[in-house]
Structure formats: structure tokens, C-alpha cells
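Novice: What follows is a predicted protein model with its sequence.
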Amino acid sequence: MCLVKKIVVIGPESTGKSTLCESLALHYRTRWVPEYAREYLLAHGTNYSFEDLLVIAREQVAAEDRIATETENHPKGVMPLFIDTDLYVMKVWCEYVFGKCHSWIIDQIALRRYDLYLLCRTDLPWTKDELREYPDLATREKLFHMYRDILVNQSTPWQEIGGIEKARLDSAITATDSLLG
């Protein structure tokens, strides 16, 4: 059984979170947890409600827990697990869109433990897709600062990740290597 180091990749939409998680998982030959919201919204549409965000949050946590347990069974000593989005993202989403957050999300934030956060900067161009809502840089920057404020005020180490393509990945690898020792 191995020790799983949970590394969460967060940031506004279209900042390369999923691409970064997938690339990091390939680099370290490990697993990653996709953002469940994409699956949910593709299946149910983008006209979501406050209650839908609670369903998404619960499923995100369930997927994370399932993949973390599967990763623990790997024979390697220490394995990073990259997580595309956590409950901080759900908190920001709830508060930004609905002006409030589910108590379950807040309670889970207090209970769950991670080893590192990678906060993706908004220095990538916005890429249109059917699920994205905020193409303007001002909104993306506002959301970025909401995430940054959260990370500054919690105890888990974190690193801002910026640059394009290889520079972005190299920055995330350096941060992950520092964690893994």
C-alpha cells in the first residue's frame, strides 16, 4: 500500500486545469480525478440550480475518494493524485452565482485534507466551449483573486501556476517535486 499525496488544481474556468492534471498524471505515471461538473452539465444542461451544485459537489468528493482508495493499492511508496477541482471551487461557484453556499460544502472543506494546491493563473487565452460562462478577463481575474484569497487563508501549501504549455507544466512539476521530496 502506498501513501497518496493529494494535489488539487484549482482556478477559474479555461485556465488549463484539466489539461494540467492529465499531463501531471502522465508525467508521474499516476491517476487524476476529473472535474465531475463537466460530466453533470453535459448530461443535464447548463441551466443549473443551487441544488444542482450540491449534487455536483457530492459526486466530486465521491469520485475523489474512490480514486484515492484505488491509488492507495499501488505498490509504489508515495504516489501523487491530481485532483481537478475541489470543494473550494464549489464554494466559489455557489457564492459567485447564488450568493450563498451549502453548509455541507463548508463542513466538508473543514474535514478534508490535501497536500498541495496548484492555483492556475488566467494567463491562458479563454477557450470557448459549451459549458464555459465567463469569457471576459475581468471576471476570470475576479474569480482568480477569490481562489487566491481562500488559499492565503488556509494552511495547506500552494503555488501559483502560470505560463503556457511546457512552462506551465514545468512549474507544476517543480511544485510537485518539492512536495514529494
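Specialist: Everything's here; your move.
Novice: Quick check: His102 vs Glu51, distance?
Specialist: 9 Å (C-beta to C-beta, to the nearest Å). (Glycine included, C-beta is placed from N, CA and C.)
Novice: The two: which is more packed in?
Specialist: His102 (19 against 9; other C-beta atoms under 10 Å).
Novice: give the contact list for that one.
Specialist: Counting by C-beta atoms under 8 Å, 6 or more residues apart in numbering, His102 touches Phe50, Leu53, Leu54, Ala57, Cys94.
Novice: Export those to JSON lines and append columns for neighbour count, pLDDT and secondary structure.
Specialist: Converted to JSON lines, the contacts of His102 look like this (neighbours: other C-beta atoms under 10 Å; pLDDT from 0 to 100; DSSP: H, G, I helix; E, B strand; the rest coil):
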{"residue": "Phe50", "neighbour count": "13", "pLDDT": "98", "secondary structure": "helix"}
{"residue": "Leu53", "neighbour count": "21", "pLDDT": "98", "secondary structure": "helix"}
{"residue": "Leu54", "neighbour count": "17", "pLDDT": "98", "secondary structure": "helix"}
{"residue": "Ala57", "neighbour count": "25", "pLDDT": "98", "secondary structure": "helix"}
{"residue": "Cys94", "neighbour count": "21", "pLDDT": "98", "secondary structure": "helix"}
